[in-house]
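K.L.:
Here is a sequence together with a model predicted from it:
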Amino acid sequence: MIDNLYNYYVVNRLHRNVRISVKEVNTEYSTLNLSPEERMTRRFEYLTSLETPRIHPLEQIVLTRNVSNLPDVLTEDEWAEIKKDHYIHELGYVSNLSPDYASTISLGLLKVRETADAYQVRMIDAIINLCDRYKAEAEKMGRADVVEVLSQVPRYPARNFREALQFFRILHFSLWLEGDYHNTVGRFDQYMYPYFQKDMEAGVYTRETALELVEDFFLSFNKDSDLYVGVQQGDNGQSMVLGGIDKDGNDCFNLLSELCLEASRNLKLIDPKINLRVSKKTPLSIYEKGTELTKVGLGFPQYSNDDVVIKGLERLGYSYEDAVNYVVAACWEFIIPGVGNDIANIGAVNFPAVVDKVIRENINKDFDTLIANLKKEITAECDKICESIHDVWFVPSPFMDLLRGGKKYNNFGIHGSGIASAADALAAVKKFVYDEQKITPERLIQALDENFTNDPELLHLLRFEAPKMGTGSDEADEMGGLLLSSFADALDGKTNCMGGVWRAGTGTAMYYLWHARDLGATADGRLAGEPFGTNFSPSLFAQIPGPVTDIESFTANDLTRNMNGGPLTLEFSASIFQSQESIQKVATLIKYFVERGGHQLQLNAVNLDAMKEAQANPELYRQLVVRIWGWSAYFVELDKDFQDHVMARQEYSV
Amino acid sequence: MKGLIFDIKEFAVHDGEGIRTTVFLKGCPLRCVWCHNPEGLSPKRELYLKQNGCLGCGLCRKPCDHPECQEIGRCLHICPKNLVSAAGVEWEAEALAEKLLKHKSFSNSMGGGITLSGGEPLLQADFCVELLTLLKGQVHTAIETSGYANAETFQKVVTLCDFVYMDVKLADAEQHKTYTGVDNKIILENAAWLKQSGIRHTFRTPLILNITDTEENLNAIKTIVGDSTWEKLSYNPLAGAKYASVGRIYGFLNNKMEWYN
């Protein structure tokens, strides 16, 4: 049954034939001088009215978007006017939040409507109206089961697992249609568990039929996700978090968590993107289940370590009760569901550029002065970013506000891009220019200016024989630690324009390409324009002896003060996962990472040959999935520079 | 003392129990036609030239004054793609032990350890003894050997190991000489000793089509190994890729790739 749905939605994509595009609305709204809230509400009403119910005869979870575009509610001139006085984050619509779906699912929209404002009431009415039309379509098709579900939700509270899943789909669909993006899923296995458990205990489902329903539900994330485009196709933020501890410290991994891993493994789809929360208490068997999913090559689950993350979030001022409930935003930024209003990706420090500037300005001074000036420069760079962000304004989001219990946390996160490359450059300079005096400052600067064209020997030395993070070099790891702590120090105690704090991170997002493009050659032997490693990972040309050393290097420093997120990525040749024994060994490695105090880890099973083939014959590889920087995508849908970077990462084979 | 090592492989998932680090010792007295570690054959440091990606810039051929490059004949410190290297690094046993013990807590907690492989580790038996003595009691050790060494050498090394993987490739003496270049008499004697030694061990046979995987050979080996554990290893037909890197010719599977297709 699920194969049939998979072929319809994923392979043949027949549902896309009925899509309609929508004309512009902003000029009209502008002429009528409507308030932003009115515009958002009016657009929502308009778009829901355009939706035509389509139900696949075999699907259990319904609601598929037909409207292919979201016309902007503001005109270009209006945006320009707003931008005079305000900082606009990305597209200007709210994103990267983790809504509280559970409360609404347990109350029903009619109950929520009683305390909603006038705009929200209209939106609720619009979505109920659409659901009624779906119900009518189901009646016409003789789908009594769908009729029964839609007679209950979204008006009334979900009574069982299937109604809860359908209710979730309606809410999630509404958020996307409102224009919010990177709408995450949150701790799905926790807030859905009561419904699931009740039905399992009542014998409504067997393990198999429950899995089938979860798969049907998972497929719903992929029906219209091609319409939610981020920096690249696939960058859509549908992150689901499984497992983790509760406030009493109990590990919460349950049968539903297990079925989610299994559903993802069976479907091999890029959404939802699975995150697994683990800790010292996590038994090896859970890592083995996670590794079974890694094996299929989707680039997830991504692991985050409760022992480190919760402590780090508390240090930033999150209450224990909220911190213990953390989830991840679109990629890996740690956020709080329901009450979080953080902007976790508001800026990024280009560490290799900062270090390059400091090396050039201080190479004739002593090393201690260089380091002191580096700290000053990092502080200045952070100050510059912080000062540039004031009067942040978002287009109002009445529907999202319905799913939030306030805006308790208003913290801003800053990525730290290229930390490994920057640490490597510092370590190389310390070793060769200062300690060993093997390279004169003049020779170094000239080679950098000339992109090493006339000094291949120096290029080789810096690129392949210098200390690097990930290779077991204490010098490089120490420099990495220095950058991490200077970054945290620079943001410590600063308040942002929304009254929140600033968070230092280890992620790059797309900056591993963007920041690198305009940067000349650097002292780690990186050539002009060459990309950095993704997130908190070694440079692309570090000669890494193996994953154990790699892990030890990236867990050598305390990470609790750099808690905006950003994982170490390990790439494994797909051939390594061939036996149950090797799965267990990979699982053991992840456990080691967690026990060493790593904060976040991503593992990929990569097939380089398939990627090469896919570049040559994309039409034959439409389903080939790769992990990019914090999300997974279909390889052939990516721009070539993103493809090339994935292919250049060092992989571990057997 | 010093040993010559051509690779240290972390996270070797197929070289014994748990997660292991495998140390490859350079030099081997056997010349198995199917050998998949050609850079382990010569007991000397030698040029290892990766073929893929060479720009043909010629930088490595220009004379240099690095002492370590002279016997190699190419400059090891200039290739922009890092394709020019030397197979074979000299390690003092103490330094190597220290490096390997860095992962001690990991290896121990995860039920893994250190494996000596090659080449043929017994060709550097004294180095092995010194290294194994330094590792003794701190981390689980294993050895992968052809068993081709005199009894005294074989016994003094393997008694220091917690586990022994020993190859029995071909039971017939003539065949053994044809396909590996050496007689199997001392190998079989060492195997007999190992069986009754009380040392934990496993015998291994690489399955080479029409050579070692014949019914006759496997039946004969079965008799030789008796009650001991016996693993049959499938052969990777892509193993020939490294031959050109050390200037050797891979003749074995030429025109026979279809065997493995």
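P.N.:
Now that the structure is in, tell me what you want to look at. Residues are numbered from 1 along each chain as shown, chains lettered A, B, ... in the order given.
K.L.:
Enumerate every residue touching the spatially closest residue to A:Ile286 that is not a sequence neighbour.
P.N.:
Excluding the flanking residues, the one nearest A:Ile286 by CB to CB, 6 or more residues apart in numbering or on different chains is A:Phe253, at 5.6 Å. C-beta: built from backbone N, CA, C; applies to glycine. Counting by CB atoms under 8 Å, 6 or more residues apart in numbering or on different chains, A:Phe253 makes contact with A:Asp189, A:Leu242, A:Gly243, A:Gly244, A:Thr282, A:Ile286.
K.L.:
now, among the residues you listed, which is nearest to B:Lys232?
P.N.:
Nearest to B:Lys232 out of the contacts of A:Phe253 is A:Ile286 (CB to CB; 33.5 Å).
K.L.:
That closest one and A:Asn254, how far apart?
P.N.:
Computed as CB to CB, to the nearest Å, the A:Ile286 to A:Asn254 distance reads 11 Å.
K.L.:
same check, this time on A:Ala164
P.N.:
Counting by CB to CB - A:Ala164 and A:Asn254 are separated by 15 Å.
K.L.:
any chance you could map the helices in the stretch 1-150 of chain B?
P.N.:
B:67-70, B:93-101, B:104-109, B:125-135 (DSSP state H, counting those that start in this stretch).
K.L.:
I'd like to know which elements the shortest one is packed against.
P.N.:
Judged by 3 or more CB pairs under 8 Å, 6 or more residues apart in numbering or on different chains; DSSP states H and E, helix B:67-70 has no packing partners among the helices and strands.
K.L.:
tell me which residues of it are tucked away?
P.N.:
B:Cys69 (16 or more other CB atoms under 10 Å in any protein chain shown).
K.L.:
Distance from it to the middle of the chain?
P.N.:
The chain centre lies 26 Å from the centre of helix B:67-70; the measure is CA atoms, centre = their mean, to the nearest Å.
K.L.:
residues near the residue of chain A found nearest chain B, how many?
P.N.:
In chain A, the residue that lies nearest chain B is A:Gly546 (2.5 Å; CB to the nearest CB). Look at A:Gly546: counted by other CB atoms under 10 Å in any protein chain shown, it has 21 neighbours.
K.L.:
isn't it right up against A:Tyr652?
P.N.:
Yes: contact between A:Gly546 and A:Tyr652 holds when scored by CB atoms under 8 Å: they sit 6.3 Å apart.
K.L.:
Can you pull the domain assignment for the chain?
P.N.:
With no chain named, the answer covers chain A. Following automatic domain parsing, one finds the domains of chain A at A:1-183, A:345-390+A:415-499+A:507-559.
K.L.:
My question was about chain B, not that one.
P.N.:
B:2-45+B:89-242, B:46-87.
K.L.:
For A:Asp644, which of those domains is the nearest?
P.N.:
Set against A:Asp644 and scored by CB to CB, the domains of chain B come closest in domain B:46-87, at 14.3 Å.
K.L.:
What residues does the stretch 1-150 of chain B have near chain A?
P.N.:
Within the stretch 1-150 of chain B, the positions near chain A by CB under 8 Å from any CB of the partner chain are B:8-14, B:18-19, B:21, B:59, B:77-80, B:82, B:102-103, B:106, B:109-110.
K.L.:
Which residues are in contact with the closest residue to chain A within chain B?
P.N.:
As assessed by CB to the nearest CB, chain A sits closest to B:Glu10 within chain B, at 2.5 Å. Going by CB under 8 Å, 6+ apart, B:Glu10 touches A:Pro545, A:Gly546, A:Pro547, A:Val548, A:Thr549, B:Thr21, B:His103.
K.L.:
any idea which of those is closest to A:Asn535?
P.N.:
Closest to A:Asn535, out of all of the contacts of B:Glu10 and judged by CB to CB, is A:Pro547, at 15.9 Å.
K.L.:
Compute the number of surrounding residues for that closest one.
P.N.:
24.
K.L.:
okay if I get the domains of chain A as CSV plus mean pLDDT?
P.N.:
What follows is the domains of chain A, written out as CSV (pLDDT from 0 to 100):
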stretch, mean pLDDT
domain A:1-183, 96
domain A:345-390+A:415-499+A:507-559, 96
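K.L.:
Highest mean neighbour count out of those domains?
P.N.:
domain A:345-390+A:415-499+A:507-559 (a mean of 21; mean count of other CB atoms under 10 Å in any protein chain shown).
K.L.:
Could you list the low-confidence segments of the stretch 51-200 of chain B?
P.N.:
Along the stretch 51-200 of chain B, the model assigns pLDDT under 70 to no residue.
K.L.:
Go through the contacts of A:Phe253 and say which is closest to A:Val349.
P.N.:
A:Gly244 (29.1 Å).
K.L.:
distance of the closest one from A:Tyr434?
P.N.:
Taken as CB to CB, the span from A:Gly244 to A:Tyr434 is 45 Å.
K.L.:
any idea which residue sits dead centre in chain A?
P.N.:
Chain A has A:Cys331 as the residue nearest its centroid, 1.0 Å off, counting by CA atoms, centre = their mean.
K.L.:
one step back: ok, for the residue of chain B closest to chain A, nearest residue in space, not its chain neighbours?
P.N.:
A:Gly546 (2.5 Å).
K.L.:
just the strands in the stretch 401-550 of chain A please.
P.N.:
Listed in chain order, the strands found in the stretch 401-550 of chain A under DSSP state E, counting those that start in this stretch are A:412-417, A:502-504.
K.L.:
again, but for chain B
P.N.:
B:2-12, B:20-25, B:46-49, B:84-87, B:89-92, B:113-118, B:140-145, B:163-167, B:201-207, B:229-234 (DSSP state E).
K.L.:
Can you add distance to A:Ser632 and give the ones you listed back as JSON lines?
P.N.:
Formatted as JSON lines, those follow (distance: least, CB to CB, whole Å):
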{"stretch": "strand B:2-12", "distance to A:Ser632": "24"}
{"stretch": "strand B:20-25", "distance to A:Ser632": "31"}
{"stretch": "strand B:46-49", "distance to A:Ser632": "36"}
{"stretch": "strand B:84-87", "distance to A:Ser632": "35"}
{"stretch": "strand B:89-92", "distance to A:Ser632": "39"}
{"stretch": "strand B:113-118", "distance to A:Ser632": "35"}
{"stretch": "strand B:140-145", "distance to A:Ser632": "37"}
{"stretch": "strand B:163-167", "distance to A:Ser632": "39"}
{"stretch": "strand B:201-207", "distance to A:Ser632": "38"}
{"stretch": "strand B:229-234", "distance to A:Ser632": "32"}
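K.L.:
most tightly surrounded among these?
P.N.:
strand B:113-118 (a mean of 26).
K.L.:
What angle do helix B:125-135 and that strand make with each other?
P.N.:
Compare the direction of strand B:113-118 with that of helix B:125-135 by axes from the mean of the first three to the mean of the last three CA atoms, to 10 degrees and you get 170 degrees.
K.L.:
quick one: strand B:113-118 to chain centroid distance?
P.N.:
The answer for strand B:113-118 is 9 Å, by CA atoms, centre = their mean.
K.L.:
Could you list the paired strands of that strand along with their orientation?
P.N.:
Strand B:113-118 pairs in its sheet with strand B:20-25 (parallel), strand B:140-145 (parallel), by DSSP bridges.
K.L.:
quick revisit: do you know how far the residue nearest to B:Glu10 is from B:Thr22?
P.N.:
10 Å.
K.L.:
tell me the contacts of A:Tyr287?
P.N.:
Shown in contact with A:Tyr287 (CB under 8 Å, 6+ apart): A:Val278, A:Ala587, A:Thr588, A:Ile590, A:Lys591.
K.L.:
let's see 10 Å
P.N.:
Contacts of A:Tyr287 were listed using CB atoms under 10 Å, 6 or more residues apart in numbering or on different chains, and they are A:276, A:278, A:294, A:301, A:303, A:583-584, A:586-594.
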